[in-house]
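K.L.:
Return a 3D structure for these sequence lines:
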Amino acid sequence: MHVQEWLDTVPAAAVYAVVALVIGLESLGIPLPGEIILVSAALLSSQHGGVDPLVLGACASAGAVIGDSVGYAIGRKGGRPLLARLGRRFPRHFSEGHIATAERSFRKWGVWAVFFGRFVALLRIFAGPLAGVLRMPYWKFLIANVLGGIVWAGGTTAVIFYVGVVAESWLKRFSWLGLVVAVAIGVASMLVLKRKAKKAQPVAATSE
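P.N.:
Numbering: from 1, shown residues only. Next comes the predicted model:
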C-alpha cells in the first residue's frame, strides 16, 4: 500500500507519532525512509484537515533533533567498533566506502556537515553516530543539529504542504474545465444530431 494511503487510514495523532518515530530512528543511524514518510504526511496535511502542518513540522523536527542526539551519544560511546558492526548489519548503507565518504565530509566541513547533512540521505543517517565517533564537541553538534533539523523538517513540511494545496486547487480548476468541455461537446453533438435528423426527415418523406 502507498505510504500516503496508509497514513490516511490512521488518526492524526498516529501520523505525528509515526513521522517523529521514523525520522528519529533514521537520524539515530537506522536506515529508514524518513524523507518519504515526511513528504507523504505533509502532502496528506494539504488534503486532510485533521493533520495540522504546524504540528507535523514540529513533530518531525523533534524526531530529527532527538534522534541525532541519541545517535551522537551512541557513536561517542561505541566508537569505531560501532561503525564496523553497523557495516556488517547494513552493508548497503554502512559500507567502508560510505563511511569514508561521510568521514571526509565531516573532517572538511565540521558542524556544517551536520547541518547540511540533513538534506543528504547518506549523511542524514551518519550525522549523529559519526559526529560522536569523531568526538565533535557536543555544543557545536547540538547547534547544528537543532538548526538543521528545524530547517529540513519544517521547511520540507511547509514546501510540500503549499505545493499540495496549489496542486489540489489547480486540479479542481482543471476538473471544472474538463466538465465544461465535456458538457459543451455533449451539447454540440446533440445539436449536430438534431440538425442531421431534420435534414433526414424530408428525404424520408420524398422516398415514401
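
K.L.:
Could you use CA atoms for every contact and neighbour count after this?
P.N.:
Noted.

K.L.:
Quick check, pLDDT for Arg107.
P.N.:
At Arg107, the pLDDT value in this model is 75.

K.L.:
Other residues contacting the helix or strand that contains it?
P.N.:
For Arg107, the host element (DSSP states H and E) is helix 96-109. The contact list for helix 96-109, computed with CA atoms under 8 Å, 6 or more residues apart in numbering, reads 83, 87, 113-114, 122-123, 126, 130-131.

K.L.:
between the residues you listed, which is closest to Gly67?
P.N.:
Nearest to Gly67 out of those is Phe126 (CA to CA; 11.4 Å).

K.L.:
The closest one contacts Pro31, doesn't it?
P.N.:
No: shown here, Phe126 and Pro31 do not form a contact pair, counting by CA atoms under 8 Å, at 9.5 Å.

K.L.:
coming back round to it: from the contacts of helix 96-109, which one has the minimum pLDDT?
P.N.:
In terms of pLDDT, Gly87 ranks lowest among the contacts of helix 96-109, with 67.

K.L.:
now for the helix or strand hosting Asp68, which elements pack on it?
P.N.:
Secondary structure assigned from DSSP H and E places Asp68 in helix 53-89. Counting contacts by 3 or more CA pairs under 8 Å, 6 or more residues apart in numbering; DSSP states H and E, helix 53-89 packs against helix 12-28, helix 34-47, helix 121-133, helix 138-149, helix 155-207.

K.L.:
what sits against the residue sitting nearest the centre point of the chain?
P.N.:
Nearest to the mean C-alpha position of the chain, by CA atoms, centre = their mean, lies Val39 at 1.9 Å. Each residue near Val39 by CA under 8 Å, 6+ apart is listed here: 156-157, 160.

K.L.:
hmm, 7 Å instead?
P.N.:
By CA atoms under 7 Å, 6 or more residues apart in numbering, the contact set of Val39 is 157, 160.

K.L.:
so how far is Leu123 from it?
P.N.:
From Val39 over to Leu123 the distance is 18 Å, taken as CA to CA, to the nearest Å.

K.L.:
try Ile37
P.N.:
In this view, Ile37 and Leu123 are 18 Å apart by CA to CA.

K.L.:
got the contact list for Leu38?
P.N.:
Residues near Leu38 by CA under 7 Å, 6+ apart: Val19.

K.L.:
on that earlier part again, can you point out the buried residues in the helix holding Arg107?
P.N.:
For helix 96-109, the neighbour count (16 or more other CA atoms under 10 Å) marks 98-99, 102-103, 105-106 as buried.
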